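*Asks:* model this:
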Amino acid sequence: MRRSKYRRASSPTWFSGRRRIIAVAATLVAFGGIVTVTQVSNASTDRTTKRALAACDDLAAPNKVDLSTETRRGTYTTNNGRVTQHADDGAGDVATAAQVRARCRTWVMNNVADEEGAAEATTQARRRGNGGGNNNGGNNGGGNNNGGNNGGNNNGGNPSAEPSEEASQPAGEETSAPPAGEESQPPAEEETTAPPAEETQPPAEEETQQPDPQPTQGQTTPPPGAGLGILTNSCETSDLEAHDGFQKGNRCVSTEFGEVGAAANNPTLLITRAPRQVNVNTPFTLQVSTRNLIRDRFLAAGQGGYYVESSVLQGGLVRGHFHTACRILQSQNQAPAPDPVPAFFVATEDSRGGATPDTVSIQVPGLPEAGTFQCSSWAGDGSHRTPMMERANQTPAFDSVRIRVRG
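*Replies:* Residues are numbered from 1 along each chain as shown. Below you'll find the predicted structure:
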């Protein structure tokens, strides 16, 4: 296209009559090229999207798990409606196959289709001779994950943006034939004064064919833990299936740890009040204080929100919730078995908390049998993991008490 040279004319009447028809025709040709690229992109996107949607249709409902015996089921509020409690970390709120598949299809249409379409359109545009311009691909921003739903904003590049005068002249284009019916050519000195295309812009294929130089020892950045003989740092070396956000063992979790705050901002937790003994099936209250924990992130485990969200800081503080559980101890001289379900378990989320310590009341409905119970509270990030700490010799945000239950 030679539209940029038309703009250099000084006469205000130059763009009139037959020349206007020629320019409009050239514009329509360019627009037709964009439409063609879009059609090619849509075809590729449709194939990719169909494959992704087919994978969604293969998803099954998660298996149900054993729940604590004395906890009120579901999600409910306490403290006059100010505190939300999620029984068993939301494990009882099990997603159906239809819900899992619908969420998957929504995610595909909001992410895969838009992202692949933008990438394919950019690639096709460059192949059609628009590679000399500055083509900006779409920006993919992660949305807020609420209840296991993943959103994303995909902003594609602007294919209608006008390229600069230099960018609109790819190598070899000056020798192309002018539009049919063009009456005059620009002065010869305009084309002869410019240096040859191969001198101003080397062909892209020559650059890509050159092998990348091998980094020297000084340029190579060693991975974390280099020289310590670590076993692995990713699931690429694991033979286990990928973890899918539901409560399944013998899986490999690929979610990155995420953000860790400074030592002074790491979460702490303390059980500040608890009874020493109670009667069987008698309600009681635990007082739990947290510091440096914003209690506003919770993804139900039964909905696929287990181990899927990296740790996120807000103002340097961890966003998450905290847990409280009570289990009977069969022995006070040996570590208990890990698999029996507890009598009581809730995850507490109230959109409060912060750098200043505060206290939340946890109402236990009663414990079912006589014996010694261990009641514990510990902080969790958005994916239920104990928050990370800057130093290895800090104490996690965890506390535990023992309560004697009388028959």
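*Asks:* where exactly do the strands run in the stretch 251-400 of the chain?
*Replies:* Ranges of strands within the stretch 251-400 of the chain are 251-252, 268-273, 277-279, 284-291, 293-294, 313-314, 317-328, 344-349, 358-364, 371-381, 398-406, based on DSSP state E, counting those that start in this stretch.
*Asks:* What pairs with the first one, parallel or antiparallel?
*Replies:* Paired with strand 251-252 in the same sheet, following DSSP bridges, are strand 241-242 (parallel).
*Asks:* List the contacts of the partner strand.
*Replies:* Residues outside strand 241-242 that contact it (CB atoms under 8 Å, 6 or more residues apart in numbering): 235, 250-252, 254. Quick note: C-beta positions are derived from backbone N, CA and C, even for glycine.
*Asks:* go with 10 Å
*Replies:* Strand 241-242 is contacted from outside by 235, 248, 250-254, using CB atoms under 10 Å, 6 or more residues apart in numbering.
*Asks:* Tell me the one of these nearest Thr348?
*Replies:* The nearest member of the contacts of strand 241-242 to Thr348, counting by CB to CB, is Val253 at 23.8 Å.
*Asks:* need the contact list for Ala379.
*Replies:* When contacts are counted by CB under 10 Å, 6+ apart, Ala379 touches 266-269, 288, 290-293, 295, 318, 320-323, 353, 385-387, 396-399.
*Asks:* quick one on the thing from earlier: need the buried ones from the contacts of strand 241-242 selected in PyMOL.
*Replies:* Here is the PyMOL selection string for the buried members of the contacts of strand 241-242, based on 16 or more other CB atoms under 10 Å:
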select buried, resi 235+251+253
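*Asks:* Take the contacts of strand 241-242 and lay them out in TSV including distance to Ala335 and pLDDT.
*Replies:* Shown next, in TSV, are the contacts of strand 241-242 (distance: CB to CB, whole Å; pLDDT from 0 to 100):
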residue	distance to Ala335	pLDDT
Cys235	29	96
Lys248	24	92
Asn250	22	96
Arg251	24	96
Cys252	26	97
Val253	24	96
Ser254	30	95
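*Asks:* Number of residues surrounding Val94?
*Replies:* 19 (other CB atoms under 10 Å).
*Asks:* isn't it right up against Asn63?
*Replies:* Yes. Val94 is in contact with Asn63 according to CB atoms under 10 Å; the separation is 8.3 Å.
*Asks:* shared neighbours, those two?
*Replies:* 246-247.
*Asks:* State the distance from Gln287 to His243.
*Replies:* 35 Å (CB to CB, to the nearest Å).
*Asks:* Quick check: mean pLDDT of stretch 72-89?
*Replies:* Computed over stretch 72-89, the mean pLDDT rounds to 88.
*Asks:* And stretch 388-404, by the same measure?
*Replies:* Per-residue scores along stretch 388-404 average to 96.
*Asks:* neighbour count winner among Gln287 and His243?
*Replies:* Set Gln287 next to His243 and count neighbours by other CB under 10 Å: His243 wins out with 19 against 14.
*Asks:* ok, the more buried one touching Tyr307?
*Replies:* Yes. Counting by CB under 10 Å, His243 touches Tyr307, with 5.8 Å between them.
*Asks:* Touching both of those two, which residues are there?
*Replies:* In contact with both His243 and Tyr307: 251, 253-255, using CB under 10 Å, 6+ apart.
*Asks:* Which members of the residues you listed are the farthest-apart pair?
*Replies:* Arg251 and Thr255 (11.4 Å).
*Asks:* which neighbours do those two share?
*Replies:* Residues touching both Arg251 and Thr255 (CB under 10 Å, 6+ apart) are 235, 243, 245, 307.
*Asks:* coming back round to it: what is the nearest of the contacts of strand 241-242 to Thr69?
*Replies:* Of these, the one sitting nearest to Thr69 (CB to CB) turns out to be Lys248, at 22.3 Å.
*Asks:* Distance check, that closest one against Thr106.
*Replies:* 23 Å.
*Asks:* Return the member of the contacts of strand 241-242 nearest to Pro222.
*Replies:* Comparing the contacts of strand 241-242 against Pro222 with CB to CB places Cys235 closest, at 20.9 Å.
*Asks:* pretty sure that closest one is touching His243, no?
*Replies:* Yes. Cys235 lies in contact with His243 (CB under 10 Å); the separation is 8.4 Å.
*Asks:* In helices, which of the contacts of strand 241-242 fall?
*Replies:* Applying DSSP state H to the contacts of strand 241-242, no entry is found in helices.
*Asks:* thinking again about what came up before, now for Cys235 and His243: what residues contact both?
*Replies:* 251-255.
*Asks:* now those residues as a markdown table including distance to Phe345?
*Replies:* What follows is those, written out as a markdown table (distance: CB to CB, whole Å):
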| residue | distance to Phe345 |
| --- | --- |
| Arg251 | 22 |
| Cys252 | 25 |
| Val253 | 21 |
| Ser254 | 27 |
| Thr255 | 22 |
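*Asks:* Just give me the closest of those to Gly261.
*Replies:* Thr255 (18.2 Å).
*Asks:* so who does the closest one touch?
*Replies:* Per CB under 10 Å, 6+ apart, neighbours of Thr255: 235, 243, 245, 306-311, 383, 385.
*Asks:* try Ser310
*Replies:* Listed by CB under 10 Å, 6+ apart, the contact set of Ser310 reads 255-259, 381-383, 385.
*Asks:* ok, now Asn233?
*Replies:* Counting by CB under 10 Å, 6+ apart, Asn233 makes contact with 223-225.
*Asks:* Kindly reformat those residues as CSV containing secondary structure and neighbour count.
*Replies:* Below are the contacts of Asn233 laid out as CSV (DSSP: H, G, I helix; E, B strand; the rest coil; neighbours: other CB atoms under 10 Å):
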residue, secondary structure, neighbour count
Pro223, coil, 8
Pro224, coil, 8
Gly225, coil, 9
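*Asks:* picking that back up, let me know the closest of the contacts of Thr255 to Ala274.
*Replies:* Among the contacts of Thr255, and counting by CB to CB, the member closest to Ala274 is Arg385, at 24.6 Å.
*Asks:* Does the closest one touch Ser311 like I think?
*Replies:* Yes. Using CB under 10 Å, Arg385 is in contact with Ser311, at 7.6 Å.
*Asks:* do you know how far Gly249 is from Thr48?
*Replies:* 33 Å.
*Asks:* Next: Pro223.
*Replies:* 32 Å.
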